[in-house]
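> curious how this folds, go ahead:
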Amino acid sequence: MSDSDNRQQDGSMQGPGNPTPKPQPNPVLKWLMILFAVPVMFFVEIAKGLRRRVYRNNSAGDFREAVGIILGAGGGIALGYYHGFAHDLPWYTWLSEGIASALVTYFYAWPLAYLSIVRPAHRICEELWAAVPTRGTEGWFSHLLTYSARLTVIGGSAWAGWTQMLSAHANLSAGWGLFSWPLAFAWGVFLGLVMAAFAWWLFTSSIYGICAASGVILVWALFPWTEAFLARWGATSTPAVYGAAAVEFALWGAFLFPLVHVLVSHGLRWVRDLCQKVYTKAYDETVGVYDGVFVQLANMFVAYHLAALSLKLCALLSLPLSPWLAIALPAAVAIISYIFLGEILKEVGNLALGTIAALHVAGFAGFAWLHAGLWQGAVGAVVVGAFCATATFFLLYPLAYVLVRLVGRFILNNRFAARLIDLHTAVWDNFHKLARELSRAHKNTYSDETPYAGLFLHAVNIIVLFAVFHFSRAFTQALVLPVWLAWGFTALSLAASYLLCGKALVWLRNHLVGVLLGLSAAIASGTFAYAVQPWGLWVAVPAGLALGFITWGFVFPVAYVLTRFVVNSIDRLVPFFSKVLTPLLSAIYDASWKLCGNLWSEFVATYRGVRDWFKPFWQSVKDSWDAAMQSIKDTWDSITRK
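So this is what the prediction gives:
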């Protein structure tokens, strides 16, 4: 068969019912595709699996996907910068590498890091925080941290307010003068209270706030070491340093703080048991008279130190003290402290002493730390002070008290202890009686309706005449008046003083005398205090007000009651004051007032006439003012309502 026949035969076989046979695949190409598909499948399926496990269709998955996008963009940009600008590669090289880096980070690096590091770390963090005890006896360390955190907030806010007050006074002293201290004090108090309220709510309301606060303090304290460590590796840029600080804070809050908390809470239970035992023995138990005698010994100790402190304070303020005042001031401070602090300690017990001891130790430790220039300065001083106060209140003071009480039970006998307690009881009872007597004297003075009150007011009126006489003579001599005019003015002044002052004494009685004596004592003592010390009105005004109040409330009532007792005692033997002197003085004053009564009535009528004449004018002014205010209010309402 020829070739043409064969082609015809082949052509006759390709009809509609005979399909064309498939070409045989190229085995070499197939193996090449297999070799290409295996790694592609490997990467694609791994990417799909990772994406399905990490970037789930929920809020947490969306958050992780957002993190992956951010990290991918950051990785691509960093690699592009490194190759494109640091090594000056062509743009298509660093751009393609940046895109590849972003895709690898998003599909592989971040999901693998999340599954192998982040998720296990998160689970460990949850387990650690779940094991942190916060309630009951197992949560003792949480309670201790809360107590320390609150002390730290109070101390830090007080320090901030104090420093801001000094800074404000330094800035205001040039232009505000005397008012710079009140303004600076108000600013310091306001700032301290605001900081205390905010920090108390943020850092002491939960264990998480305490963790955050301690983390901030710790990271800030370690910041110089962080910078030095990163500088060894050449990472000196600000983002690198602060990023490392953020990582430190995250590690502390997620792992270290709960781990340390759990270890301390469960590993140092013996500390909790010791603190609880000595706390109960010191603050809750009462053993015979030894608690009372310890309180009184502490009371005497505090009274002595406050008396010594009063002298040191006067020396610090450059206040001059005369020899008798150098004795009277500390004696008065010691007596007042012994009386009142002893009664407070008797009622409150060792809790007050423990608090005083804790605050004393905190202040001493904080200032010693600050003045020594130790670690972190003021911040370190506040933290150390809070720690020392906590340790003192919960452990050191109760332990010292228990040991002292144990020794005191063998040294002190019951008779000495009872007498020491009875001494303060007797002093307090006598002071209470004295206070009642002073209160009674105050009432008997300013509410006195006995015949002696009339005699006393007449005597005061006559004493005022002597003062008016000397004032009138000095005034007329200063004006160089003729003799007849000078004596006429003096006589007129005496008559007016006798009548008008007497009428005022009749209306206001001893209240007027007490107020005038207190005011005189305040002005005189304040003037002397202003002249003898360098602090001006800051010392003179409180000293004057204190002495004025003492004169009005104590000195005058006591002197009045004692004088009344002496006069009434004499009058019982010889009724001269009640039967002769008082009626005589009353008759003289009544006759004088009756003689001048017409003049007084005419003056009162003139005064009322002048007042009534001005009344329409004042009423028109008031009506105009009210109309103007109403117009302003209506205008404001029309503006604000639009």
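> tell me the pLDDT of residue 154.
On pLDDT, residue 154 comes in at 87.
> return the set of buried residues in the host helix or strand of it.
Using DSSP states H and E, residue 154 sits within helix 140-176. Going by neighbour count (16 or more other Cβ atoms under 10 Å), the buried part of helix 140-176 is 140-142, 144-161, 164-165, 168-169, 172. C-betas here are computed from N, CA, C, even on glycine.
> can you pull the contacts of the closest residue to residue 101 other than its chain neighbours?
Residue nearest to residue 101 in three dimensions, not counting chain neighbours: residue 79, with 4.2 Å by Cβ to Cβ, 6 or more residues apart in numbering. By Cβ atoms under 8 Å, 6 or more residues apart in numbering, residue 79 lies in contact with 94, 97, 98, 101.
> run a quick neighbour tally on residue 320.
The tally of other residues near residue 320 (other Cβ atoms under 10 Å) stands at 12.
> cool, and residue 68?
Neighbour number of residue 68 under other Cβ under 10 Å is 23.
> surely it and residue 110 touch.
Yes: with contact defined as Cβ atoms under 8 Å, residue 68 counts as touching residue 110 (4.4 Å).
> which one is residue 504 nearest to, not counting chain neighbours?
residue 512 (6.1 Å).
> same check, this time on residue 67
residue 110 (6.7 Å).
> which helix in the chain has the most residues?
Selection of the longest helix in the chain by residue count, based on DSSP state H, yields helix 597-640.
> distance from the chain centre to that helix, please.
48 Å (Cα atoms, centre = their mean, to the nearest Å).
> identify the contacts common to residue 68 and residue 110.
residue 54.
> secondary structure class for residue 449?
At residue 449 the chain is in coil, as set by DSSP: H, G, I helix; E, B strand; the rest coil.
> do the same with residue 566
Following three-state DSSP, the label given to residue 566 is helix.
> run a quick neighbour tally on it.
Around residue 566 there are 10 residues (other Cβ under 10 Å).
> roughly how far apart are it and residue 252?
Distance, residue 566 to residue 252, by Cβ to Cβ, to the nearest Å: 79 Å.
> cool, and residue 436?
61 Å.
> more crowded one of these two?
Neighbour count, other Cβ under 10 Å: between residue 436 and residue 252, residue 252 has more, with 21 against 10.
> that one: what secondary structure?
Residue 252 - assigned by three-state DSSP - is helix.
> returning to that earlier point: avg pLDDT for the strand or helix carrying the residue nearest to residue 101?
Residue 79 belongs to helix 59-81 when assigned by DSSP H and E. For helix 59-81, mean pLDDT rounds to 82.
> tell me where the stretch 201-350 of the chain is predicted with low confidence.
Residue ranges of the stretch 201-350 of the chain with pLDDT under 70: 285-292, 316-319.
> show me where it has its helices.
207-221, 223-232, 238-251, 257-267, 269-283, 290-316, 323-348, 350-371 (DSSP state H, counting those that start in this stretch).
> out of the ones you listed, the one nearest residue 118 is which?
Comparing these against residue 118 with Cβ to Cβ, the closest turns out to be helix 238-251 (11.3 Å).
> ok and that closest one relative to helix 223-232, angle-wise?
120 degrees (axes from the mean of the first three to the mean of the last three Cα atoms, to 10 degrees).
> other SSEs contacting helix 238-251?
Contacts defined by 3 or more Cβ pairs under 8 Å, 6 or more residues apart in numbering; DSSP states H and E place helix 238-251 against helix 207-221, helix 223-232.
> so who does the closest residue to residue 485 other than its chain neighbours touch?
Nearest non-adjacent residue to residue 485, counting by Cβ to Cβ, 6+ apart: residue 476, 7.6 Å away. Contact analysis of residue 476 by Cβ under 8 Å, 6+ apart lists 485, 486, 489, 490.
> how about low-confidence regions in the stretch 451-600 of the chain?
Using pLDDT under 70, the flagged stretches of the stretch 451-600 of the chain are 535-536, 597-600.
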